[in-house]
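*Asks:* All I have is the shape, not the residue letters:
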Ligand code: FAD
């Protein structure tokens with residue numbers, strides 16, 4: 001059995017694996033796709049101390065760093081179930097195999113909910129974005145739309161209004177769902193327009209970059225086009241935790257509930273990164289949380305394992 005088994009190979013999982021392996025204990029990583037969301041990222045400009053890098057490059061460096069240590073990397077392995085058996089934890093993989101470990105770190109990340117309209121995938125990273133903290137500055141002085149009028153959409157619109165020239169906020173419903181205090185702030189901004197009862201139907205582009213957004217006005221079923229350079233989709237971040245339902249405590253949004261040490265509701269099981277309740281989903285945060293979870297797992301092992 002492993003001493004520490006990490007499930008997930010994004011920044012949180014890689015960081016957890018390195019911190020665990022540096023304690024000289026048996027460490028494994030099972031990941032559906034080593035690299036996680038970073039594989040889908042083009043420019044990264046907020047990975048502190050590195051002014052600019054690119055997703056695939058950072059993933060190669062993460063893997064190289066993990067491979068410096070004696071870590072058993074099991075890539076292309078999806079975990080399906082987690083359970084406590086006596087004094088260890090068992091993780092069942094989709095392949096049917098079962099991995100045993102004295103402690104487990106859950107780092108399965110999250111995925112952005114998409115609009116699922118023509119052009120969205122084609123122009124991803126070419127004007128279609130999901131993270132205002134990451135990509136906002138790329139649209140300095142340009143026109144953008146934010147899709148979604150919940151808290152994250154309205155926060156994104158307020159944030160972006162300070163950077164870009166104009167923001168159009170598109171909401172499907174006939175009213176915004178964000179907290180009133182955020183809506184008040186939004187309404188006070190001169191360069192924001194809110195369009196309600198609007199269904200986004202297509203992302204337009206010239207083959208290279210986004211040029212516009214088409215939406216249907218649901219009140220009269222007419223189609224409209226907005227000229228713009230960027231579209232921030234803010235209709236939800238879904239944690240990859242469906243397989244953990246009933247095993248560890250999840251928040252109403254499906255995020256793994258953790259305490260300040262990364263401990264979940266199951267003894268010996270810790271969690272880190274975008275899959276957890278820790279706010280602000282970012283690479284540096286996921287890495288910090290991953291290292292914290294590994295140190296907590298080590299602390300757990302020295303208290304519970306026979307010498
Ligand atoms: P993830 O990166 O999501 O990794 C999760 C890992 O778990 C993957 O290996 C996945 O395959 C695996 N996994 C999932 N389910 C299972 C399962 N059941 N069994 C086994 N393995 C599983 N952040 C920044 O700081 N700066 C940026 O510029 C930036 N740009 C971004 C651009 C895009 C397009 C996207 C999508 C995100 C961006 N982010 C950025 C956010 C950042 O990528 C995430 O916060 C970060 O990757 C979270 O790390 P994580 O390890 O928690 O999860």
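*Replies:* That came in fine, so what should we check first? Because the structure is a prediction, the values reported are computed rather than measured. Numbers count the residues shown, from 1 in each chain.
*Asks:* and stretch 260-278, which residues are buried?
*Replies:* 262-264, 266, 268-276, 278 (16 or more other CB atoms under 10 Å). C-beta coordinates here come from the backbone N, C-alpha and C atoms, glycine included.
*Asks:* can you tell me which of those lies nearest to the ligand?
*Replies:* Closest approach to the ligand among the buried residues of stretch 260-278 (CB to the nearest ligand atom): residue 273, at 2.2 Å.
*Asks:* show me the contacts for the nearest residue to the closest one once chain neighbours are set aside.
*Replies:* Spatial nearest neighbour of residue 273, chain neighbours left out: residue 12 (2.8 Å); criterion: CB to CB, 6 or more residues apart in numbering. Going by CB atoms under 8 Å, 6 or more residues apart in numbering, residue 12 touches 107, 109, 272-275, 286-287, 289-290, 293.
*Asks:* Can you give the contact residues for whichever helix or strand residue 146 is part of?
*Replies:* Element membership for residue 146 (DSSP states H and E) is strand 143-147. For strand 143-147, the surrounding residues in contact (CB under 8 Å, 6+ apart) are 115, 153, 156-157, 160, 164-170, 200, 213, 226-235.
*Asks:* give me phi/psi at the closest residue to residue 171 other than its chain neighbours?
*Replies:* Sequence neighbours aside, residue 149 is the residue nearest to residue 171 in space, at 3.3 Å (criterion: CB to CB, 6+ apart). The phi/psi pair for residue 149 (degrees, to the nearest 10) reads phi -110, psi 30.
*Asks:* Kindly report the same for the one 5 residues further on.
*Replies:* The phi and psi values for residue 154, taken as degrees, to the nearest 10, are phi -70, psi -40.
*Asks:* ok, now residue 94?
*Replies:* The phi/psi pair for residue 94 (degrees, to the nearest 10) reads phi -60, psi -30.
*Asks:* gap between it and the ligand?
*Replies:* Remark: distance between residue 94 and the ligand (CB to the nearest ligand atom, to the nearest Å) = 8 Å.
*Asks:* circling back to that earlier point, sort out which of the contacts of strand 143-147 are buried, if you could.
*Replies:* Buried by 16+ other CB under 10 Å: 115, 153, 156-157, 160, 164, 166-170, 200, 213, 226, 228-235, out of the contacts of strand 143-147.
*Asks:* wait, what's in contact with the residue nearest to residue 171?
*Replies:* Contacts of residue 149 (CB under 8 Å, 6+ apart): 169-173, 175-178, 194, 196.
*Asks:* Wait, residue 174 touches residue 195, no?
*Replies:* No: using CB atoms under 8 Å, residue 174 makes no contact with residue 195, being 11.2 Å away.
*Asks:* any residue of stretch 30-40 up close to the ligand?
*Replies:* Yes: judged by CB under 6 Å from any ligand atom, stretch 30-40 comes into contact with the ligand at 30-34, 36-38, 40.
*Asks:* Most neighbours of all the residues you listed, which one?
*Replies:* Within the residues of stretch 30-40 next to the ligand, most neighbours by other CB atoms under 10 Å means residue 36, with 30 neighbours.
*Asks:* My guess is that one contacts residue 29. True?
*Replies:* No: look at residue 36 against residue 29 with CB under 8 Å: they stay out of range, at 11.5 Å.
*Asks:* how close does residue 213 get to the ligand?
*Replies:* Distance, residue 213 to the ligand, by CB to the nearest ligand atom: 18 Å.
*Asks:* what residues does this structure put near the ligand?
*Replies:* With the criterion set to CB under 6 Å from any ligand atom, the chain comes near the ligand through 7-13, 30-34, 36-38, 40-41, 44, 46, 78-79, 107-110, 112, 130-131, 134, 240, 243, 273-275, 281-284, 286.
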